[in-house]
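A.B. asks: No sequence on hand, only this structure:
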């Protein structure tokens, strides 16, 4: 299960509404790399593959590829305004370490990887 706060849902729905492409949804994923071993992928998309899992969160379609799903179970996404800027924050209960960038994390089964920040 992936949890998205009301403020993050509002911001993502606003971004989808600005797109001219029909049937847009939120795509989440995990990519190898980053400072701690894995990095998050988050963006808008309109194409699904056989490797995707579909879910609905807060009335919004969210798609995750099957390989990333095990890393994202319990993920919490929030959006916080800060003065004239703002941004998404991610809390992953499966991560045992993350880098200062906040976009990279290490999983328990990946403890042997070196933790080098660029």
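C.D. replies: Yep, that arrived. Given the structure is predicted, the values throughout are model-derived calculations rather than measurements.
A.B. asks: Residue 64 and residue 40 touch, don't they?
C.D. replies: No - using C-beta atoms under 8 Å, residue 64 is not in contact with residue 40, being 11.2 Å away. (C-beta placed from N, C-alpha, C; glycine too.)
A.B. asks: what's the overlap in contacts for these two?
C.D. replies: 28, 29 (C-beta atoms under 8 Å, 6 or more residues apart in numbering).
A.B. asks: Neighbour count: those two, which is higher?
C.D. replies: The neighbour comparison of residue 64 against residue 40 (other C-beta atoms under 10 Å) goes to residue 64, with 24 against 21.
A.B. asks: tell me the average confidence for the helix or strand hosting the more buried one?
C.D. replies: Secondary structure assigned from DSSP states H and E places residue 64 in strand 60-65. Mean pLDDT, strand 60-65: 96.
A.B. asks: Sheet partners, orientation included, of that strand?
C.D. replies: strand 25-32 (parallel), strand 52-57 (antiparallel) (DSSP bridges).
A.B. asks: Residue 69: which of those strands is closest?
C.D. replies: Shortest separation from residue 69 across these is recorded for strand 52-57, at 5.6 Å, computed as C-beta to C-beta.
A.B. asks: Fine by me, we can end here.
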